[in-house]
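> coords please:
(2 chains, ligands or ions: 2)
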Amino acid sequence: MKEFGSVNDILEFAICQEQEAVEFYSDLASKMKIEAMRIVFNQFAQEEMGHKAKLLDIKEKGIYEVSSEIISDLKISDYLVKTPAANDMTYQEALVLAMNKEKSSFKLYLNLSERAPNAELKSLFLMLAQEESKHKLRFEIEYDDMVLKEN
Amino acid sequence: MLDLDIKYLKFKTYLNTYCPYCHQSFNVETKDKKQLVLKAVFKGQETDLILSPYLDVFEVESSIPIETNEVLDDILCPECHKSLISKEICCGECGSPVGHVIISALSRLIPFFICLKKGCEWHGLTKSDERKIKLKIPRQEMPEQDKTLRIHNHQEVPYGYTSELASLEAGRCLQCKAPKCVEGCPVDIDIPAFIKLMRENDFDGAAKKIKERNVLPAVCGRVCPQESQCEAKCILGIKDMPVAIGRLERFVADFERKMDLVKIPVIKNKTNKRIAVVGSGPGGLTVAADMALLGYSVTVFEALHELGGVLTYGIPEFRLPKSIVQFEINYLKELGVRFELNHVIGNILTVDELREHFDAVYIGVGAGLPVFMGVEGESLGNVFSSNEYLTRMNLMKAYRFPEYDTPMPKGNKVVIVGGGNVAMDCARTAIRTGSTEVTIVYRRSRHELPARLEEVHHAEEEGIKFKLLTSPVRYIGTDYNSLKAVECIKMELVEPDSSGRRRPVPIKDSNFIIECDSAIIAIGTGPNPIIFSTSPDLKRNKWGYIDANEKTMETSIPKVYAGGDIVTGSATVILAMGAGRAAANTMHKQLSKK
Ligand SMILES: Cc1cc2nc3c(=O)[nH]c(=O)nc-3n(C[C@H](O)[C@H](O)[C@H](O)COP(=O)(O)OP(=O)(O)OC[C@H]3O[C@@H](n4cnc5c(N)ncnc54)[C@H](O)[C@@H]3O)c2cc1C
Ligand code: SF4
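Ligands and ions are numbered 1, 2, ... in the order given. So this is what the prediction gives:
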């Protein structure tokens, strides 16, 4: 795994990750058969762009905060079978895909935080992990509201 | 201030009546007679005034002839001889002076008034006093099949009100001036007006009043979630149980049908315009009825071999007898609506082809595509979607195998996943077809169960087990890929965001196994793609449902309208009907412009 020596290194890496996500969703959007799903994936890409902008801002100003807020994990995706991306995906499948993507980013940062060489870098990784779990929660809540209506 | 809006006392109850001054009882009972005895003064002479304690007959026993419409000068207490004439109130029917007595109703003393004009026979309470009595009449229960017997048959569970029970229940309504119940009804039925007609024993009139807004009252009376609609808003519900509006609706609709009072109207203004309706669910049937009544020639295309949509293939017989749905469909046939069965639109004919041959097309194809959770093992044998299970059972009459050629999806121990009406219907069907242990697994708590309260209550009575705050995480199969157990996890409710809504989260290491030989997934449905395969221009939202204007039901294609579950996702019968009516209104408006 990549070694990180400074705050800047980490932020660079995270910004690249967000950029990759933007491209991933934009690419999916262009392949979608129905227009509404194209809009959905473009929206996901926009959200990732928002995340990237936030990180760029941190990088520029050099200020970030690790809040003590505990982000809930509804663990919805933990038990779902992964389905591959396809051009006729339903919104349900898109949400599962997004939840899983955010979950793996969260895990990555958590992992990195455990291996961080000093407290400063550790807290930065934790902040990034927290951000990813917030993104995942947003998808989980939508899934909980709209798919698991159980009606 | 005195509330002078006085109401006629409708329900004929035995009344204990007293003098407001000396509290002497006016009731005189002999072995074979029950009477109220007062003194009357007429043309300067005194005589006995005899009333029935049910206040239905007014007679004067005296040698003085009193003609109908003549007004007594006074009435007096036979004991203290005080005049009972009220200074503040006069007759609510004819405006004549009234005698004021008190009645004892439900351990309260309440002023009560009697008109002095012979023949008026008016006896009443002020509205605020009436309220005091009404609050105390308990909500009337519907007689129903015994729980130990009914799990061995498929007949309807509640028998419905008798006319006595219906009148008693209708008598509870306060006839509010600003009734909240109407606000709770998605199609704005004039609830107080139909209940008022019931109180006047005009059950037929009451049924017709409902039908002004709702073409399927016998269906809605049985399946609408009244507790979260009209009854949730009823003023009586603040302190007591709300008026049983749904049960009254069901009663009058059944009355009209059983008494053969449904009249087929003569349609005068026939037009030569043609309407195609795709799907014969409650939404499609509403469009068909409304447009046929307006003189259009309507053809309904239905994919299945039977009509009625979910009312026929989803909701089981014990909750909604098929004869009722059939009756409504026959009514449409008599209105001249044509039905084409086994017509899958998108396949046999496309929407574009319908547009060519018809002046307007309504799409009401429902949301019939099964949705699964996506956990491991859902494709094992004996894991069914609720759609497949109920369709086999209801529409294809599997429960009557071998009389009908559909093998029954059977299991001794059955797990149902979900908490809505569909889950309850599957569970109650399973228990009726010989399953010995039926368990409902639901992720949230009892409070959040989306099913109608009555269904949950009936399911519990019938011995269905509820595993609440539990979610399946894996279906476990035998070596032959047939289901043998469901692994579940316990959940707790947390508040993860500022929305205030509590959401279920798995409790670590709380997994457990439920052994079973079949499972039915009833967590919701999605849109069936068939119709879209040949109509790519029909705009859809991200959930795959048709994007239609909320008010006019117009879609992205001219002359094509849509409503019901295919627009909203799985919802309710009454919402589908409301959408059907809205679409019919727009179609008519646009077609009559031309
Ligand atoms: C088991 C169950 C229980 C329910 N219980 C209740 C309840 O208690 N109370 C309540 O209010 N709601 C209940 N609902 C929901 C309610 O039944 C639906 O919301 C309502 O029926 C939707 O009506 P609709 O007119 O949109 O379509 P549907 O009733 O779904 O009818 C659609 C019709 O279109 C036909 N169709 C589909 N595709 C095509 C095609 N391509 N070409 C031609 N025809 C097609 C279908 O075969 C079907 O007949 C229940 C639903 C289910 C499944
Ligand atoms: S709110 Fe209740 S009491 Fe008032 S008119 Fe409606 S049904 Fe009757």
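
> contacts, neighbours, all on C-alpha from now
Noted.

> quick one: average pLDDT of stretch A:115-130?
When pLDDT is averaged along stretch A:115-130, the result is 85.

> distance between that stretch and the chain's centre?
Put simply, stretch A:115-130 sits 17 Å off its chain's centre (CA atoms, centre = their mean, to the nearest Å).

> Next: stretch A:18-25.
Between the centre of stretch A:18-25 and the centre of its chain there are 10 Å (CA atoms, centre = their mean).

> quick one: buried residues of that stretch?
A:18-19, A:21-23, A:25 (16 or more other CA atoms under 10 Å in any protein chain shown).

> Need the single longest strand in chain B, by residues.
With secondary structure taken from DSSP state E, chain B has its longest strand at strand B:483-494.

> Identify all contacting residues around that one.
Contacts to strand B:483-494, defined as CA atoms under 8 Å, 6 or more residues apart in numbering or on different chains, come from residues B:380-383, B:443-444, B:469-478, B:502-507, B:509-519.

> Got a quick ChimeraX command for the buried subset of those?
Buried members of those, defined by 16+ other CA under 10 Å, are picked up in ChimeraX with:
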select /B:380,381,382,383,443,444,469,470,471,472,473,474,475,476,477,503,504,505,506,511,514,516,517,518,519
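
> Quick one: mark the members of the contacts of strand B:483-494 that sit in strands.
Among those, DSSP E puts B:383, B:470-477, B:503-506, B:512-515, B:518-519 in strands.

> so where's chain B uncertain?
Scanning chain B with the threshold set as pLDDT under 70 gives B:1-13, B:55-58, B:60, B:106-107, B:131-136, B:594.

> From B:Lys180, how far off is the residue nearest the centre of it?
What sits nearest the mean C-alpha location of chain B, by CA atoms, centre = their mean, is B:Gly221, with 2.6 Å. Noted for B:Gly221: a distance of 18 Å to B:Lys180, by CA to CA, to the nearest Å.

> next one: phi and psi at the closest residue to B:Val28 other than its chain neighbours?
Among residues not flanking B:Val28 along the chain, B:Gln35 sits closest, at 5.2 Å (CA to CA, 6 or more residues apart in numbering or on different chains). Dihedral angles of B:Gln35 (phi, psi; degrees, to the nearest 10) stand at phi -140, psi 160.

> I'd say B:Gln35 and B:Pro53 touch.
Yes. Using CA atoms under 8 Å, B:Gln35 is in contact with B:Pro53, at 5.5 Å.

> Overlap in contacts, those two.
With CA under 8 Å, 6+ apart as the test, B:Gln35 and B:Pro53 both reach B:Asn27.

> Comparing those two, which shows the higher neighbour count?
Neighbours per residue, other CA atoms under 10 Å in any protein chain shown: of B:Gln35 and B:Pro53, the larger number sits with B:Pro53, 21 against 16.

> now the more buried one: how far from B:Lys34?
7 Å.

> shared neighbours, the two?
Residues touching both B:Pro53 and B:Lys34 by CA under 8 Å, 6+ apart: B:Asn27.

> Can you give me the buried ones in the lowest-mean-pLDDT helix or strand in chain A?
When each helix and strand of chain A is scored by mean pLDDT, DSSP states H and E, helix A:119-146 comes last, with a mean of 86. With burial defined by 16+ other CA under 10 Å, the residues of helix A:119-146 counted as buried are A:121-137, A:139-141, A:143.

> cool, stretch B:196-207 as well?
Applying 16+ other CA under 10 Å to stretch B:196-207 flags B:196-201, B:203-207 as buried.

> need the contact list for B:Arg432.
B:Arg432 touches B:150-154, counting by CA under 8 Å, 6+ apart.

> Among those residues, which one lies nearest to ligand 1?
B:His154 (15.0 Å; CA to the nearest ligand atom).

> Let me know the pLDDT of the residue nearest the centre of chain A.
Of all residues in chain A, the one closest to the mean position by CA atoms, centre = their mean is A:Glu102, 3.4 Å from it. Looking at A:Glu102, its pLDDT reads 89.

> what about it, which helix or strand?
helix A:91-114 (DSSP states H and E).

> is chain B contacted by that helix?
Yes. Interface with chain B: helix A:91-114 contributes A:91-92 (CA under 8 Å from any CA of the partner chain).

> Would you map the helices across the stretch 151-300 of chain B?
B:163-171, B:181-184, B:191-199, B:203-211, B:217-223, B:230-233, B:245-258, B:282-293 (DSSP state H, counting those that start in this stretch).

> Determine which stretch of those is the most buried.
helix B:282-293 (a mean of 27; mean count of other CA atoms under 10 Å in any protein chain shown).

> and that helix, does that touch ligand 1?
Yes. Using CA under 6 Å from any ligand atom, helix B:282-293 comes into contact with ligand 1 via B:282-284.

> List just the nearest of the residues you listed to B:His458.
B:Pro282 (24.5 Å; CA to CA).

> wait, that closest one sits on B:Thr312?
No. Shown here, B:Pro282 and B:Thr312 do not form a contact pair, counting by CA under 8 Å, at 10.2 Å.

> With adjacent residues omitted, what lies nearest to the residue nearest to the centre of chain A?
Distances taken as CA to CA, 6+ apart place A:Lys136 nearest to A:Glu102, at 5.3 Å, with adjacent residues excluded.

> State the distance from the one you found to B:Pro496.
As judged by CA to CA, A:Lys136 and B:Pro496 stand 12 Å apart.

> Perfect, I'm done here.
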